[in-house]
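> Got a predicted structure here, sequence first:
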Amino acid sequence: MKEDQPPSHFPDLLALQEFPSVSSPSSLCHSDDRLYVSINKPFKPFPLSRSVYGGHFLAQSLHAASLSIAQSFPGLFVVAHSLHANFLARSSSESPFLYVVSTVQTGNRFLVRLVRVYQYPAEQFDLAQIASASPLFIATISFKTPEPSAQLFFSQSSIPSTSLPDEWHHIPPRPPILASPSKAIPHPDADHPGILAWAADNNYRPHKHAIDVRRVPMTTNPDAFSHRRSFHYYKAISHFVSRPSEDPNLHLCAHAYVSDRNSLFVSADLIGKRNSLAFAASLSHSIVFYPPPIAPAAAADEDWCVMETSTSRSGDGRLSYNGRLYDARGFMIAEFMQDGLAIFSSNL
């Protein structure tokens, strides 16, 4: 890996190097698969974390699948419309990741790719050894050609602004989107009392994140857990070279990246169990992306976008995390749902 610390420029964070084509099929990959190796170090939510930030895999898998299509079909314009992923094993930030992209379907309107992620020691790269291991993450990602404008029909749900304090009622669909970004609170990577106390005691300062995420302070929330909402603003801290019209999938990677931010910590807070969450781990994550009815597509590096999150169920050691992403105009960018493992302490 090139850097000791994760890069703060988001495209650099996702950077991949293509591995030479495999001449003969193996248990790991087929001859028509494309292989990519991560170049830079990913984020860990905090030093005590057992794994890399899950949103990194969501974004880098989408990036790998997008690259594979661009390289196989130069000039073909397709945009990601869904991603369904499973987190299978722990990962380390100290070793590179191998992304194996396989073709599931290539049709006239839809292209589906399966992405499997493996990890290997930084000092060696042995396909035979990697082939004997199990993937730590898998994702099925679907891309779609744009619809003719004459066929477009648009409707969407709006953010339930009644959940917000009065001073935040400009969140879409009530423009302008922002009162002031400075009113929002920079959100830690792991918003948990025990972790925050450890960080304070050890004078730990996290690395600068490639995506700035800020939490809207909530003064009131409905009594019913299912009606409670959490709101965040987010934006890349540096501009991308390409615009959404040129590389929409890179910008969608940024939205996918944010969709896992704090996830189960937020859900635990919404059900009043923030202090008693003893262990949490993502199990699965699904995203559906939506093109805007009016160009241009949402730029993740230019305007503050909004993430609205909630939880719909907890029990049996599991906790849900649901969300919607909106651009600065109030158009819905994506919806997502995560299922996670959550263990609560009975003493808190």
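Yep, that arrived. This is a predicted model, so every value here is computed, not measured.
> What does the residue nearest to residue 308 when sequence neighbours are not counted show for phi and psi?
The spatial neighbour of residue 308 that comes closest, neighbours along the chain excluded (Cβ to Cβ, 6 or more residues apart in numbering), is residue 324 at 4.9 Å. (Glycine included, C-beta is placed from N, CA and C.) Torsion angles at residue 324 (phi, psi; degrees, to the nearest 10) stand at phi -130, psi 140.
> Would you check how far apart residue 324 and residue 130 are?
37 Å (Cβ to Cβ, to the nearest Å).
> And residue 66, by the same measure?
Separation of residue 66 from residue 130 (Cβ to Cβ): 23 Å.
> Neighbour count for those two, which is higher?
With neighbours defined as other Cβ atoms under 10 Å, residue 66 and residue 130 compare such that residue 66 has more, 23 against 20.
> What are the boundaries of the strands in the protein?
16-19, 34-38, 79-87, 97-106, 110-119, 137-144, 185-186, 211-215, 230-236, 277-289, 305-310, 314-315, 318-326, 332-344 (DSSP state E).
> JSON lines for those strands, including mean pLDDT?
Shown next, in JSON lines, are those (pLDDT from 0 to 100):
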{"stretch": "strand 16-19", "mean pLDDT": "90"}
{"stretch": "strand 34-38", "mean pLDDT": "92"}
{"stretch": "strand 79-87", "mean pLDDT": "97"}
{"stretch": "strand 97-106", "mean pLDDT": "94"}
{"stretch": "strand 110-119", "mean pLDDT": "95"}
{"stretch": "strand 137-144", "mean pLDDT": "97"}
{"stretch": "strand 185-186", "mean pLDDT": "64"}
{"stretch": "strand 211-215", "mean pLDDT": "87"}
{"stretch": "strand 230-236", "mean pLDDT": "88"}
{"stretch": "strand 277-289", "mean pLDDT": "93"}
{"stretch": "strand 305-310", "mean pLDDT": "90"}
{"stretch": "strand 314-315", "mean pLDDT": "86"}
{"stretch": "strand 318-326", "mean pLDDT": "94"}
{"stretch": "strand 332-344", "mean pLDDT": "94"}
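> so who does the most centrally placed residue in the chain touch?
By Cα atoms, centre = their mean, the chain has its centre lying nearest to residue 257, at 2.5 Å. By Cβ atoms under 8 Å, 6 or more residues apart in numbering, the contact list for residue 257 reads 10, 55, 56, 58, 59, 210, 211.
> May I see the residues you listed arranged in CSV, with neighbour count as well?
As requested, those are exported to CSV (neighbours: other Cβ atoms under 10 Å):
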residue, neighbour count
10, 23
55, 25
56, 27
58, 28
59, 28
210, 23
211, 22
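> And residue 217, how close does it get to residue 269?
With Cβ to Cβ as the criterion, residue 217 and residue 269 are 13 Å apart.
> So for these two, which sits in the more crowded spot?
residue 269 (20 against 12).
> Who does residue 34 form a beta bridge with?
residue 101 (DSSP bridges).
> what's around it, how many residues?
Neighbours of residue 34 using other Cβ under 10 Å come to 23.
> ok, now residue 309?
Neighbours of residue 309 (other Cβ under 10 Å): 23.
> show me the contacts for the nearest residue to it once chain neighbours are set aside.
Nearest residue to residue 309 in three dimensions, chain neighbours excluded: residue 323, at 4.1 Å (Cβ to Cβ, 6+ apart). When contacts are counted by Cβ under 8 Å, 6+ apart, residue 323 touches 259, 307, 308, 309, 310, 335, 336, 337.
> So what pairs up with the fifth one in the strands?
According to DSSP bridges, the partner residues bridging residue 310 are residue 322.
> so what's it up against?
226, 228, 229, 230, 270, 322, 323.
> can you pull out the helices in the stretch 51-200 of the chain?
Ranges of helices within the stretch 51-200 of the chain are 54-72, 127-131, 193-201, based on DSSP state H, counting those that start in this stretch.
> now the second one: mean pLDDT?
Averaged across helix 127-131, the pLDDT comes to 69.
> Same check on the last one?
Looking at helix 193-201 alone, the average pLDDT works out to 70.
> thinking again about what came up before, can you add distance to residue 73 and give the contacts of residue 257 back as TSV?
Below are those laid out as TSV (distance: Cβ to Cβ, whole Å):
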residue	distance to residue 73
10	25
55	27
56	26
58	23
59	22
210	29
211	29
